[in-house]
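Student: here you go, sequence then predicted model.
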Amino acid sequence: MSDSTTRPGTPPLLQLADVACDIAGNRIVEQVSFSLAPGELACLLGPSGCGKTTLLRAVAGFQALAHGSIALRGREVANVRGGDAPERRGVGFVFQDLALFPHLRVDANVGFGLDTLARGDRAARIDQTLALLGLDGLQRRFPHELSGGQQQRVALARSLAPQPDLLLLDEPFSSLDAHLRVNLRTELREVLKRLGIAALLVTHDQDEAFGFADTLGVMHAGRLLQWGTGFDVYHRPATAFVAKFVGEGRLLRARVLDASRIDTAVGAILTPDAMQAAPGSEAHLLLRPDDVRPANGDGFETTVVAASFRGAETFYTLRLHNGEEIAALFPSHLRYAVGQTVHARLDLQHVVVFAD
Ligand SMILES: Nc1ncnc2c1ncn2[C@@H]1O[C@H](COP(=O)(O)OP(=O)(O)OP(=O)(O)O)[C@@H](O)[C@H]1O
C-alpha cells in the first residue's frame, strides 16, 4: 500500500503498523497500516460495521491491539502488550455521543481540559476557541439551552481548546441536518488547516469524506483497502469493492483480448497498463456516470431504464443490448423518457479494469 504522507527525515505524526483488534474473541480489524503527516486531514470511510470506530478507539487508547503497533510523534504508544492511557497520548477526540457535561456552562465545558493553563490564559483560550467556531456570546449557556448544532460546535471547541496536534472524530456531524453538516465540516476543515491540527475522521458518508479530507482510507470487513487522495480513490480504485463503494458506477463484464485490449458489450477498450491476465480470461471494466456521454447517432445504443432529475444533471440508468446496465449523468436539458432509445459513447479518462 502506498504511503505518500511520510516525508524523509520527519517521523509521521501517527503511524499504524499491521494493526489488528479483537472484540469478544472476534477479529474486527486486521492488517491495517497507514501514516498521517502533521496537519493532514484523513477520513476512514466504509460501510457500517467494517471496524472504523474500533480502529479510531485503538488510536485513542480505548481499544487493545491484538497485533501490530501504533506510534505517535515517532514514539510507540501501543502494541500487543498494552499501551499508554488515552489521556497520555495528547490527542483530542469527539465521539458520536458528544456528551457535554450537562451541569457545566459552555465556558466550563470548553475549559475542561485546560487545567494546566493560568487562569487568565485559560479564559482567553476558551474565548478564542469559541470565537473560532462561531460561538461568541454563548459562554454562560448550559448545554440544554443550545441547539443541536451549537452543542456539536461546543463539543468540537472542547476538543480543540487544548490545541492537540491530532484530533480523532467519530461521525461528529451525524446528528445534524444536511445543511448544518456541510457548513460545520467546511468550517472545521478551515479551522484545523489554520491551526495545523491533523485529524482522523470516521464516516460512512463519502460526500463528507471528499469534502473534509486530504486523504481517504477505505475500509471493508476490518481491512484498509486503499489509502490515498479522494481523486485516486475515485479514479484509481484499488479493488472492485472500493470502485463500487466510492462514487456511483457499474462494473461491466469484459474479456481480455490481449495485453492492451479488453472486449465489452460496448466494444473493445484500450487499457493503459499492460493486462497481466491471459487472453480470453474474464475481467470487469469500471464505468462511472461521468464516463458516459450522449452521442448523436454514433456510439452504442441503450434503452433508458430509469431517470432521476438532480437539477443541473439527470442521472440515468441505461440498459445495453446484452441486458447489462450502466449509469450516466447527462446535462438535464437533455430529456429522455424511460423506454426511449439513447445513443451513448464512452469518454474514459481513467480506464480501470479488475481481473476476475
Ligand atoms: N463491544 C462490542 N461487543 C461486540 N461486538 C462489537 C463491539 N463493538 C463493536 N463490535 C462489532 O465490531 C464490528 C465493528 O464495529 P465498529 O463500531 O468498529 O464498526 P464501524 O465501521 O464504526 O460501524 P458504524 O459505521 O456502524 O459505526 C461490528 O461487527 C460490531 O458489531
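Tutor: Arrived safely, thanks for sending. Numbering: from 1, shown residues only.
Student: over to the residue in the stretch 201-350 of the chain that the ligand sits nearest to: give its phi and psi.
Tutor: Closest residue of the stretch 201-350 of the chain to the ligand, Cβ to the nearest ligand atom: residue 204 (4.8 Å). Bear in mind the C-beta positions are built from the backbone N, C-alpha and C, glycine included. Main-chain dihedrals, residue 204, degrees, to the nearest 10: phi -110, psi 10.
Student: where does the residue lying closest to residue 216 once chain neighbours are set aside land in three-state SS?
Tutor: Spatial nearest neighbour of residue 216, excluding adjacent residues (Cβ to Cβ, 6 or more residues apart in numbering): residue 233 at 4.9 Å. The assignment at residue 233 comes out as helix when based on DSSP: H, G, I helix; E, B strand; the rest coil.
Student: got the residues of the chain near the ligand?
Tutor: Residues of the chain lying close to the ligand (Cβ under 6 Å from any ligand atom) are 23-24, 28, 46, 48-54, 204.
Student: against residue 104, how distant is residue 211?
Tutor: Here the criterion is Cβ to Cβ, to the nearest Å. By it, residue 211 lies 32 Å from residue 104.
Student: quick check: the residue of the chain most remote from its centre vs residue 33, distance?
Tutor: The C-alpha centroid of the chain is most remote from residue 297, which lies 39.7 Å away (Cα atoms, centre = their mean). When Cβ to Cβ is the yardstick, residue 297 and residue 33 sit 51 Å from each other.
Student: repeat that for residue 89.
Tutor: For residue 89, the distance to residue 33 equals 19 Å [Cβ to Cβ].
Student: compare the two (neighbour count), which wins?
Tutor: The residue with more neighbours, out of residue 89 and residue 33, is residue 89; 23 against 14, by other Cβ atoms under 10 Å.
Student: and the more buried one, what does it touch?
Tutor: Going by Cβ atoms under 8 Å, 6 or more residues apart in numbering, residue 89 touches 60-61, 72, 77.
Student: highest neighbour count among the residues you listed?
Tutor: Top of the contacts of residue 89 by neighbour count (other Cβ under 10 Å): residue 72, with 23 neighbours.
Student: wait, isn't that residue in contact with residue 164?
Tutor: No. With contacts counted by Cβ atoms under 8 Å, residue 72 stays clear of residue 164, the gap being 10.5 Å.
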